[in-house]
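J.: the sequence and its predicted three-dimensional model are supplied below.
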There are 2 protein chains.
Amino acid sequence: MTRQRALILDILQASRGHLTADEIFVQARQTMPNIARGTVYRNLKLMEQSGEVGRLEMSDGPDLYDRAPTPHGHLLCDGCGMLSDVPVVGLVKELETAIGTEVRSYQLTIHYLCPACRRKNA
Amino acid sequence: MTRQRALILDILQASRGHLTADEIFVQARQTMPNIARGTVYRNLKLMEQSGEVGRLEMSDGPDLYDRAPTPHGHLLCDGCGMLSDVPVVGLVKELETAIGTEVRSYQLTIHYLCPACRRKNA
DNA sequence: TTCAAAATTAGGATTAGTTCCTAATAAGAA
DNA sequence: TTCTTATTAGGAACTAATCCTAATTTTGAA
């Protein structure tokens, strides 16, 4: 465990939201001014592969990372872009029944309109 | 409806699988040698926004497009990369119950090991 | 603790996928 | 047809991410 990777993990732990690799890089620079962008990307990828962090691909813009404590889906408002987690209890089991074999992981992004945007649209 | 867009749609209709923008571009060139890459991308984006085609972001490589006839999930084998559609009947309803409002669309990618890769791993 | 081997880093170049730009062309309405 | 508006071709530009190499750090065995 290098200092760099520990720092990246810390930043992700501290943030309750979803961060881009670049946002993590900028934050990391504040405490470790020489850390390289490539180091952030590499460690994020390694930690994603080991399951320590989760990655969320956005259709418009860079990937977002979160701490991935438990499997969860993401709720994305098409109006304002607000992103939140949604626990999807029992989904894995259901999917496994549907496909007849073990699910290794899944990514679920649900597009909807958040209450504020729904009101605005009405 | 321009000839270019019609051609792109035709190619997607004819193909039963998932194509990258570049694969569509190459095929399109065969019947319309001057079509530009940007035209393919632009039309795919427009048709995605109108719901005519579906787009699937791959973690390693370019996006894939399909005809998006009905909402469906994707099954991706982590061993060999094979991709297939999976109808997820009733998922939308469930999700709507879970989040308490209308689902506009969703993207679901399930990672698993296909039978061949499972055998190989055992 | 010391030290060599192995892994990781910084810094920057490179790549891949996609978007953007502009003058020219095509489509659609009247 | 003729005019107006949208779209295209071609290629430059952009962005996120990866790759490269010499230098540094980490690891862990002695």
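T.: Nice, thanks for sending it over.
J.: pretty sure residue A:13 is in a helix, no?
T.: Yes. Per DSSP: H, G, I helix; E, B strand; the rest coil, residue A:13 lies within a helix segment.
J.: return the per-residue confidence for the nearest residue to it once chain neighbours are set aside.
T.: Distances taken as C-beta to C-beta, 6 or more residues apart in numbering or on different chains put residue A:67 closest to residue A:13, at 6.3 Å, once the chain neighbours are dropped. Backbone N, C-alpha and C define where each C-beta goes, glycine included. Note on residue A:67: pLDDT of 88.
J.: could you do residue A:38 as well?
T.: 98.
J.: how close does it get to chain B?
T.: Noted for residue A:38: a distance of 17 Å to chain B, by C-beta to the nearest C-beta, to the nearest Å.
J.: one step back: I figured the residue nearest to residue A:13 hits residue A:10, correct?
T.: No. Using C-beta atoms under 8 Å, residue A:67 is not in contact with residue A:10; the gap is 10.9 Å.
J.: for DNA strand D, what are the nearby residues on chain A?
T.: By C-beta under 7 Å from any atom of the strand, the residues of chain A that approach DNA strand D are A:1-3, A:20-22, A:37-38, A:41, A:45, A:61-63.
J.: and the least confident helix or strand in chain A by mean pLDDT, what other elements does it pack with?
T.: Of all helical and strand segments in chain A, the minimum by mean pLDDT, DSSP states H and E falls on helix A:91-99, at a mean of 89. Counting contacts by 3 or more C-beta pairs under 8 Å, 6 or more residues apart in numbering or on different chains; DSSP states H and E, helix A:91-99 packs against strand A:103-112, strand B:103-112.
J.: want to throw those into JSON lines with distance to residue A:26?
T.: Below are those laid out as JSON lines (distance: least, C-beta to C-beta, whole Å):
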{"stretch": "strand A:103-112", "distance to residue A:26": "25"}
{"stretch": "strand B:103-112", "distance to residue A:26": "28"}
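J.: figure out which of the ones you listed is closest to residue A:16.
T.: When these are compared for distance to residue A:16 using C-beta to C-beta, the nearest one is strand A:103-112, at 19.0 Å.
J.: output the following helix or strand past the closest one as PDB, nothing but the C-alphas.
T.: Using DSSP states H and E, the helix or strand that directly follows strand A:103-112 along the chain is helix A:115-121. Taking C-alpha atoms only, helix A:115-121 is exported to PDB below (Å, rounded to 0.1, in the frame of the first residue of the first chain):
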ATOM      1  CA  PRO A 115     -39.000  15.800  -7.700                       C
ATOM      2  CA  ALA A 116     -37.700  19.300  -8.300                       C
ATOM      3  CA  CYS A 117     -37.400  18.700 -12.100                       C
ATOM      4  CA  ARG A 118     -40.700  17.100 -12.200                       C
ATOM      5  CA  ARG A 119     -42.300  20.100 -10.700                       C
ATOM      6  CA  LYS A 120     -40.500  22.400 -13.100                       C
ATOM      7  CA  ASN A 121     -41.700  20.300 -16.100                       C
END
